[in-house]
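A.B. asks: Return atomic coordinates for the entry below.
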Amino acid sequence: MKQDRILVLDLGSEENSRLAREIRALGVYSEIYPHDLSKEQLEAMPGVKGIILNGGPNRVVDGVEIDASNAVYLSGYPILCVDHKGEPAWPADQNERMNALKAFVFDACKAEANWNMENFIADQVEAIRAQVGDKKVLLALSGGVDSSVVAALLIRAIGKQLTCVHVNHGLLRKMDANLIYVDAVDRFLDKLQGVADPEKKRKIIGAEFIRVFEEEARKLEGIEFLAQGTIYPDIIESGTKTVKAVKSHHNVGGLPEDLKFQLVEPLKMLFKDEVRACGKALGLPDNMVYRQPFPGPGLGVRCLGAITRDRLEAVRESDAILREEFAKNGLEGKVWQYFTVVPDIKSTGIIDGKRSFDWPVIIRAVNTVDAVTAEVAQLDFGMMQHIVDRITHEVSGVNRVLWDLTPKPTGTIEWE
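C.D. replies: From the prediction side, this is the model:
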């Protein structure tokens, strides 16, 4: 079933994600596109019922005020022009804002509320089959929520045409599990030796992932596609035509230019909560759908600065203690994401009555719905003190523990 959709064209607004989510909350599918959407692109989209031109403070690019193409204005679709200059574009009251949005979506555009996970899955299964045909797909399966949901969706669409590969890049958490993987620890850490810039680290990790998958693909026949668990916040943070990149994601800005695969990314327009809903609709168990998010580049973005094996181990061990204590205190599934980072700095401390010069561990625990914004989790101080005691006494090379109390924005969820 083709779903009705409302297009949100980015004319420099900082609220594109909010607007798209509000439209989806009304039961109507919405996607965000650049302001210069062409006639050919517009004509190729099924189910379009209306267009919102979402202007804002980033509307002037390189000294020129951007606008939608003539093709958009001449498309015949109902158009709502929004500009945040002067008066607010929407009522300040949320109920009034939603009523105004309903009037455009349902009254002006005559859209039907047919956006749901069952319809989304059906559309994606059809799209995957059309894209892949009788060829084979290689999936980078990390075991995280996004790649697990992609695996379930691809299995439904193409069954045994899918091959999953788990790459151990040496940047994984401490796990009590039997894993079948390509052992690439040394090659990843050798490539990352001495590299401190987070953008370079992400690009190295992304490129090396592809090299590993290309090698695995050569061992098989008919592999022409690489599937990834890319989701919409990954794309947002990697930059748009009107918003500068927050950071490149290894599966977006970190991909090499000579990529020899065609990409299959069925979740790339979903927010994190929608990915979980998709997983539930596909029949995945709760312990898989609601597990802790984990970055594609692994602990490489939590070992700040140039990665060293001993500091990487400090990240891994402190993260294991944090997860163990959160589980003991009934916080699994109640706090959206929690993890540790270890920066490449040292400070003076005292361990066993002697002066030490060691690293700090930084703890981050946040709650969010869509990973676009996040609030700091409110935690019991006694538990926090106990975690500090365990980490400083059990993790080698650590003499301080710090708690990151910064919401998103201004801080991102991850540090790099």
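A.B. asks: quick one: residue 6 and residue 31, what's the gap?
C.D. replies: The gap separating residue 6 from residue 31 is 8 Å, by Cβ to Cβ, to the nearest Å. The way it works is simple: take the backbone N, C-alpha and C, and place the C-beta from them, glycine included.
A.B. asks: Which one of those two is surrounded by more residues?
C.D. replies: Neighbours per residue (other Cβ atoms under 10 Å) separate residue 6 from residue 31, with residue 6 holding more: 28 against 16.
A.B. asks: Now the more buried one: phi and psi?
C.D. replies: Residue 6 adopts backbone torsions of phi -110, psi 130, taken as degrees, to the nearest 10.
A.B. asks: bridging residues for it?
C.D. replies: Counting by DSSP bridges, residue 6 is bridged to residue 30, residue 50.
A.B. asks: Wait, it touches residue 30, no?
C.D. replies: Yes. Using Cβ atoms under 8 Å, residue 6 is in contact with residue 30, at 4.7 Å.
A.B. asks: overlap in contacts of the two?
C.D. replies: Both residue 6 and residue 30 are in contact with residue 23, where contact means Cβ atoms under 8 Å, 6 or more residues apart in numbering.
A.B. asks: distance between the host helix or strand of residue 24 and the chain's centre?
C.D. replies: Secondary structure assigned from DSSP states H and E places residue 24 in helix 16-25. Remark: helix 16-25 is offset 17 Å from the chain centroid, using Cα atoms, centre = their mean, to the nearest Å.
A.B. asks: just use 35 as the starting number from now, easier for me
C.D. replies: Yes, from this point I'll number from 35; that puts the last item at helix 50-59.
A.B. asks: Now do the helices in the stretch 135-284 of the chain.
C.D. replies: Using DSSP state H, counting those that start in this stretch, the helices of the stretch 135-284 of the chain run over 151-166, 179-192, 219-226, 232-252, 266-271.
A.B. asks: Is it possible to get CSV of the ones you listed that adds mean pLDDT, distance to residue 449 and mean neighbour count?
C.D. replies: Formatted as CSV, the helices of the stretch 135-284 of the chain follow (pLDDT from 0 to 100; distance: least, Cβ to Cβ, whole Å; neighbours: other Cβ atoms under 10 Å):
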stretch, mean pLDDT, distance to residue 449, mean neighbour count
helix 151-166, 93, 32, 16
helix 179-192, 91, 20, 22
helix 219-226, 84, 16, 16
helix 232-252, 81, 8, 18
helix 266-271, 76, 13, 21
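A.B. asks: So for residue 326, which of these sits nearest?
C.D. replies: Closest to residue 326 of the helices of the stretch 135-284 of the chain, according to Cβ to Cβ: helix 179-192, at 8.4 Å.
A.B. asks: spatially speaking, which residue is in the middle of the protein?
C.D. replies: Nearest to the geometric centre of the chain sits residue 268, at 4.1 Å (Cα atoms, centre = their mean).
A.B. asks: Return the distance of it relative to residue 110.
C.D. replies: Applying Cβ to Cβ, the value for residue 268 to residue 110 is 33 Å.
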